[in-house]
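In: next input, structure requested:
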Amino acid sequence: MEHERAITAQEIAALTGGRLIAPGSGEVRVVAVAPIDRAGPDDLSFLASSKYLPYFQRSRAGVVLCKEEFAAAPGGPAVRIVVPDTHAALLAVLPVLYPPPVWQPGVHPTAVIGRGATWQDPVVIGPHVALGRDVHLGRNVRLGAGCALADGVQVGDDVELFPRVTVYSGTEIGNRVILHAGAVLGSDGFGYVPSTRGELPRKIPQVGRCLIGDDVEIGANTTVDRGSVDDTVIGPGTKIDNLVQVAHNVRIGARCLIAAMVGIAGSTHVGDDVFLAGQVGLADHLTIGSRVRVTVQGGVIGDIPDGAIVSGYPARSHREYLRAQAALYRLAKIVDDLEALVRRDRDA
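Out: You can find the predicted model right below:
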């Protein structure tokens, strides 16, 4: 892979605030980042855990970012840069080795622009983009091929929509938002009056808005429904993975991290700084406190207080869940012992 520039170990140390510990190695150059087990002499890699020490000791990486505890580890690459947090250090280096592509402003001739649609230059409106009436785009907005924005959609500054994002009417998108391919914002929530006499369920009109805060990122093929009579709100700084369903009237706070295949049912409120691991399910009309952690495949059917860590289905205290699992694994031996007692009594 070609890069705009190589970078020396000394420059990496300066960028990361790290300590270069191999004398005379400051001019060693790297052009890419690679995992410790596959890195070559032209690659920067990192060692964040003792779990990867065997790979480190066999690694051919040109430069390695590592924590203080691994600074003098035997074997492995000699050129090491000691940093407090290897992942945070990578954030300083990656944009240098992999600079973002330069985009060219303009409106593609195949784009369809509705009456009253406006934008602040520069923008990119890609092939086959459709803008409805009275759509407004802020400055530095980039719309990938095939995006569709319905009537009245409002988009802030420095927003990027990857190809085939669909945004329904009633949606407002803040600044510095990233929407990945196939995301759908503002579609109707799942609201019906059930039949009581064999009739078809009656659809409840969804008239609320879908509000996306600043600095939000939403993954590929994720759906965020509009509110029914209230608004659906994604708070500033929240990051949502691929294949997530956010139902109508849900309110998610600031800086939350929501992993793939999470489902959040209608009218549930999620606090700030919450982490929902993969395949978590939240039932409807719940209140999830701030700083809550729900582990993988947790099924939440009741409110959770601030700061709690919960696991399992139904979700409960993580410590209680682990104790219950440990007890469950002991049941087989207990059953064996009971059966032995029954046989002994029967044979007596």
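In: can you tell me which helix in the protein is longest?
Out: Among the segments of the chain that qualify as a helix by DSSP state H, the longest is helix 318-347.
In: any weak-confidence spans in the protein?
Out: Across the chain, the ranges flagged by pLDDT under 70 are 1-4.
In: please repeat the previous calculation with a cut-off of 90.
Out: Residue ranges of the chain with pLDDT under 90: 1-5, 22-26, 100-101, 195-199, 313-348.
In: which residues does the closest residue to residue 322 other than its chain neighbours bridge with?
Out: Closest residue in space to residue 322, ignoring its immediate chain neighbours: residue 311 at 7.5 Å, by C-beta to C-beta, 6 or more residues apart in numbering. All C-beta atoms are positioned from the backbone trio N, CA, C, and that covers glycine. Judged by DSSP bridges, the bridge partners of residue 311 are residue 316.
In: go on, residue 19?
Out: residue 82.
In: that one contacts residue 84, doesn't it?
Out: No: with contact taken as C-beta atoms under 8 Å, residue 19 and residue 84 are classed as non-touching, separated by 10.4 Å.
In: check whether residue 294 really touches residue 281, as I assumed.
Out: No: applying C-beta under 8 Å as the test, residue 294 and residue 281 come out as separate, 9.1 Å apart.
In: in terms of neighbours, single out the busier of the two.
Out: residue 294 (28 against 19; other C-beta atoms under 10 Å).
In: could you check how far that one is from residue 35?
Out: 29 Å (C-beta to C-beta, to the nearest Å).
In: cool, and residue 176?
Out: Noted for residue 176: a distance of 30 Å to residue 35, by C-beta to C-beta.
In: which of the two has more neighbours?
Out: For residue 176 versus residue 35, neighbours defined as other C-beta under 10 Å are more numerous around residue 176 (17 against 13).
In: and the gap between that one and residue 141?
Out: As defined by C-beta to C-beta, residue 176 lies at a distance of 11 Å from residue 141.
In: got it, and residue 250?
Out: 26 Å.
In: also residue 337?
Out: Distance from residue 337 to residue 141, by C-beta to C-beta: 69 Å.
In: more neighbours: which of the two?
Out: Neighbour count, other C-beta under 10 Å: between residue 337 and residue 141, residue 141 has more, with 24 against 10.
In: please verify my assumption that the more buried one contacts residue 155.
Out: Yes: counting by C-beta under 8 Å, residue 141 does reach residue 155; the two are 5.6 Å apart.
In: what number of residues lie near residue 290?
Out: Neighbour count for residue 290, taken as other C-beta under 10 Å: 16.
In: name the nearest residue to it, sequence neighbours excluded.
Out: residue 271 (3.4 Å).
In: what's near enough to touch the one you found?
Out: Contacts for residue 271 (C-beta atoms under 8 Å, 6 or more residues apart in numbering) come out as 253, 288, 289, 290, 291, 292, 306.
In: and with 6 Å instead?
Out: 253, 289, 290 (C-beta atoms under 6 Å, 6 or more residues apart in numbering).
In: could you say which helix or strand contains the last one?
Out: Using DSSP states H and E, residue 290 is not contained in any helix or strand.
In: related to what we said a few turns ago, verify the stated contact: the residue nearest to residue 322 with residue 317.
Out: No: applying C-beta atoms under 6 Å as the test, residue 311 and residue 317 come out as separate, 8.0 Å apart.
In: between those two, who's got more neighbours?
Out: Ranked by neighbour count (other C-beta under 10 Å), residue 311 and residue 317 place residue 311 first, with 23 against 15.
In: and the more buried one, how far from residue 255?
Out: For residue 311 relative to residue 255 (C-beta to C-beta), the value is 22 Å.
In: one more: residue 331?
Out: Distance from residue 331 to residue 255, by C-beta to C-beta: 41 Å.
In: please say which of those two ends up with more neighbours.
Out: Just comparing residue 331 and residue 255: by other C-beta under 10 Å the higher neighbour count belongs to residue 255, 15 against 9.
In: from what I see, the more buried one and residue 275 are in contact.
Out: No: between residue 255 and residue 275 there is no contact under C-beta under 6 Å: 9.9 Å.
In: residue 217 pairs with what?
Out: Here residue 217, judged by DSSP bridges, has bridge partners residue 178, residue 239.
In: thinking again about what came up before, would you mind putting the contacts of residue 271 into CSV with distance to residue 42 alongside?
Out: Listed next are those as CSV, based on distance: C-beta to C-beta, whole Å:
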residue, distance to residue 42
253, 43
289, 48
290, 45
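In: residue 88: which element?
Out: Per DSSP H and E: helix 86-97 holds residue 88.
In: point out the other helices and strands that that helix packs with.
Out: Here helix 86-97 touches helix 9-16, going by 3 or more C-beta pairs under 6 Å, 6 or more residues apart in numbering; DSSP states H and E.
In: could you dump stretch 332-343 to PDB, C-alpha only?
Out: C-alpha atoms of stretch 332-343 as PDB (Å, rounded to 0.1, in the frame of the first residue of the first chain):
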ATOM      1  CA  ALA A 332     -24.100 -31.900  37.500                       C
ATOM      2  CA  LYS A 333     -21.900 -33.100  40.400                       C
ATOM      3  CA  ILE A 334     -24.600 -32.400  42.900                       C
ATOM      4  CA  VAL A 335     -27.100 -34.500  40.800                       C
ATOM      5  CA  ASP A 336     -24.500 -37.300  40.600                       C
ATOM      6  CA  ASP A 337     -24.200 -37.300  44.400                       C
ATOM      7  CA  LEU A 338     -28.000 -37.300  44.900                       C
ATOM      8  CA  GLU A 339     -28.400 -40.200  42.500                       C
ATOM      9  CA  ALA A 340     -25.700 -42.100  44.300                       C
ATOM     10  CA  LEU A 341     -27.500 -41.600  47.600                       C
ATOM     11  CA  VAL A 342     -30.800 -42.800  46.100                       C
ATOM     12  CA  ARG A 343     -29.100 -45.900  44.800                       C
END
